[in-house]
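K.L.:
one predicted model, sequence on top.
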Amino acid sequence: MRNYILGLFSGIAGTLLYIVAPALAWYYWVMFAGSCLLIAFCFDVFFGSLQEHQPRAAWMGVLMFGVPGVVMQGLVWGLGL
Amino acid sequence: MKSQQVPLGTIPEGFVYRDQSKRYPWWVKTVDCITTETDDSRLSKPKMHFLMHRFLVEGEKAQAAIEQSKEVVAGKVRDKVPGYSVRDLALHYAANTYQTGTIGSLGDPAFNPFPGLQEIQNTWKLHPPQSLGLPAWEASPQEAAETVEKAAVQLGAPMIGITTINPDWLSAGVEISPDVDEVTVDGMTRILPERLKYVISVIGVCPPDLTLRGQTELGAAGDRAGYEAFGMATTRLLRFIKGLGYTAIDGISFGPQIPHAIASGLGELGRMNRMINPIFGGNVRLGTIFTDLPLAIDKPIDFGLQRFCVGCKKCATSCPPQALSLEDHPVWEPFNQWQAGGKKAYFEDNQSCGDFQLGKDMYCSTCLSVCPWSKQDKTALHELAHIMGAKLPFLSSLLTKMDDLFGYGRISETQKLEEWWDLENPVRGVDSNQGR
């Protein structure tokens, strides 16, 4: 279910980005796709590690994958528009 | 020196291989030779396992240590040492209930404190088809192998491997002969009938949340759970094969379990001088069955472990008595007289390992639980790490640093130790669907 919701949000964000900035440079789209993957991976690591009873690994996942993912999203929406 | 084909020498004629394509994920390669280098000219067999020596030859010393351990444990409970509460102790002793194959064993004649009990286990309410006037079950080797694996999973073994018996991998004093029809004892020699040429290696998995709490009674409960798991599955599988109308015997007392398990593709030999399985890592204990049921055999595997262990060393640096080798490469010479020669390995100081545990009433398991391969599969991060470990094993020291950074390792903090009682765990603490 988590993956479906993440996919849905990514799809909505991508559609919104296309509507707002249809002429966006290709490298912003690459950054957007990369950041979506990082954020999805961050969720996977976070919840998976908690299931494995490894809280430190969960928060390291947020730090190593979630933070760069969010920063990249910020760059796309901040600089690309 | 080239690795020799498995079984040592050549594959005897008349054996067929099982379809290996669905056995493991794509990053585990099937190979024709075990990845451990072997050399027939260096082959040597210890007269007995050092634990047997300790209990049979130095019995009084060992018994005194066991008696002493009661005081040690009681003292730790009184001092409220984490991992040594009364309920932790109770869990350890309960997890040890149906253990076979080690001290206090039901499966090993040399240690069997209840003569006859194993016989009851193996025959009670068992009716081979011949006893009902029916013929033995017959199938092709492939179908028989698939049937045995299906039954094994149902009977409690998450994974099995099948190979052929190798006389070089049996203990000193064990021989194979075409002239006997059942296991025969001749003085100090035990003779196996030649027809029991198929070996089924059975995996028992230790619950990782317990073994990570190693060096405590909770860790001991996890370690014993692994032994109990393979022991119960092995006994059940023995009964299943007998129920098909064939002979099957528990191989645990006839030699070390690891060589046949590696030959049957259950794993590779790692730095801890134990087998590492690509799915459950080092968190496994092994049982062995010898049978005359014709089976298709499995091939050995290679998932990059030989290169990985060179750079990792996490088991060795985590070992409390520093009993594991920190050498950069495996060596031919065994560490002491209790180890078999003929293979290139990271030989451990098994006496230091045993001494560390003796008299403390606990089982350590630190090496097997901290191995980076001993991960659960709830996050894709581990799958990615496994792929990198298998395909880019030269990055092992980097992967191990990441492993440390993410906080994987032995759990020793007071609060986290006792948190185990609040965790949600699967039955027996192991997700048997892991890797499937």
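P.N.:
Received the coordinates, thanks. Just so we're clear, the structure is a prediction, and the values are computed from it rather than from any experiment.
K.L.:
phi, psi of residue B:331?
P.N.:
Main-chain torsions, residue B:331, degrees, to the nearest 10: phi -130, psi 160.
K.L.:
please enumerate the strands of chain A.
P.N.:
Counting by DSSP state E, chain A has no strands to list.
K.L.:
how about the residues of it that lie near chain B?
P.N.:
Taking CB under 8 Å from any CB of the partner chain as the criterion, the neighbours of chain B within chain A are A:41, A:44-45, A:47-49, A:51-57, A:60-61. Every residue, glycine included, has its C-beta placed from N, CA and C.
K.L.:
any idea of the pLDDT on the closest residue to chain A within the stretch 251-400 of chain B?
P.N.:
Using CB to the nearest CB, residue B:379 is the residue of the stretch 251-400 of chain B that sits closest to chain A, at 2.7 Å. At residue B:379, the pLDDT value in this model is 94.
K.L.:
number of nearby residues for the residue nearest to it when sequence neighbours are not counted?
P.N.:
Closest residue to residue B:379 apart from its sequence neighbours, by CB to CB, 6 or more residues apart in numbering or on different chains: residue A:48 at 2.7 Å. Number of residues near residue A:48 (other CB atoms under 10 Å in any protein chain shown) recorded here: 21.
K.L.:
what does residue B:217 give?
P.N.:
Applying other CB under 10 Å, I find that residue B:217 has 29 neighbouring residues.
K.L.:
can you pick out the most distant pair from the residues of chain A next to chain B?
P.N.:
Greatest spacing in these, by CB to CB: A:41 and A:53 (20.0 Å).
K.L.:
show me which of the residues of chain A next to chain B are buried.
P.N.:
Buried by 16 or more other CB atoms under 10 Å in any protein chain shown: A:41, A:44, A:45, A:48, A:49, A:52, A:53, A:54, A:57, A:60, A:61, out of those.
K.L.:
reformat these as a markdown table; add pLDDT.
P.N.:
Formatted as a markdown table, those follow (pLDDT from 0 to 100):
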| residue | pLDDT |
| --- | --- |
| A:41 | 95 |
| A:44 | 95 |
| A:45 | 96 |
| A:48 | 95 |
| A:49 | 97 |
| A:52 | 96 |
| A:53 | 96 |
| A:54 | 96 |
| A:57 | 97 |
| A:60 | 97 |
| A:61 | 97 |
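K.L.:
quick check: the gap between the residue nearest to residue B:379 and residue B:158.
P.N.:
In this view, residue A:48 and residue B:158 are 20 Å apart by CB to CB, to the nearest Å.
K.L.:
and residue B:138, how many residues sit next to it?
P.N.:
Neighbour count of residue B:138, defined by other CB under 10 Å: 11.
K.L.:
ok, now residue B:234?
P.N.:
30.
K.L.:
is it in a helix, a strand, or coil?
P.N.:
Of the three states, residue B:234 takes helix under DSSP: H, G, I helix; E, B strand; the rest coil.
K.L.:
in terms of pLDDT, where does residue B:358 sit?
P.N.:
Value for residue B:358, per-residue pLDDT: 80.
K.L.:
for it, which non-adjacent residue is closest in space?
P.N.:
Using CB to CB, 6+ apart, the closest residue to residue B:358 is residue B:65 (4.7 Å).
K.L.:
buried set for the host helix or strand of the one you found?
P.N.:
Assigned by DSSP states H and E, residue B:65 belongs to helix B:59-78. For helix B:59-78, the neighbour count (16+ other CB under 10 Å) marks B:62, B:65, B:69, B:73, B:76 as buried.
K.L.:
contacting residues around the third one?
P.N.:
Pointing back at residue B:69 there. Shown in contact with residue B:69 (CB atoms under 8 Å, 6 or more residues apart in numbering or on different chains): B:358, B:359, B:360, B:361.
K.L.:
relative to residue B:300, how far out is it?
P.N.:
Distance from residue B:69 to residue B:300, counting by CB to CB: 39 Å.
K.L.:
what of residue B:362?
P.N.:
Residue B:362 sits 34 Å away from residue B:300, going by CB to CB.
K.L.:
could you pull up the residues touching the residue lying farthest from the centre of chain A?
P.N.:
Centroid-distance maximum for chain A: residue A:53 at 23.9 Å, with CA atoms, centre = their mean. Contacts for residue A:53 (CB under 8 Å, 6+ apart) come out as B:209, B:419, B:423.
K.L.:
repeat the analysis, applying 10 Å as the threshold.
P.N.:
Contact partners of residue A:53, counting by CB atoms under 10 Å, 6 or more residues apart in numbering or on different chains, are B:208-209, B:212, B:376, B:378, B:411, B:416, B:419-420, B:422-425.
K.L.:
ditto for residue B:295
P.N.:
By CB under 10 Å, 6+ apart, the neighbours of residue B:295 are B:15-16, B:18, B:139-149, B:162-164, B:197-200, B:241, B:246.
K.L.:
can you tell me which of those residues are in helices?
P.N.:
Of the contacts of residue B:295, the ones assigned to helices by DSSP state H are B:141, B:142, B:143, B:144, B:145, B:146, B:147, B:148, B:149, B:241.
K.L.:
residues near the residue lying closest to the second one once chain neighbours are set aside, how many?
P.N.:
What sits nearest to residue B:142 in space, not counting adjacent residues and going by CB to CB, 6+ apart, is residue B:296, at 4.6 Å. One way to gauge burial is a neighbour count; for residue B:296, by other CB under 10 Å, it gives 19.
K.L.:
list the contacts of residue B:296.
P.N.:
Residue B:296 is in contact with B:15-19, B:140-146, B:148, B:162, B:198, counting by CB under 10 Å, 6+ apart.
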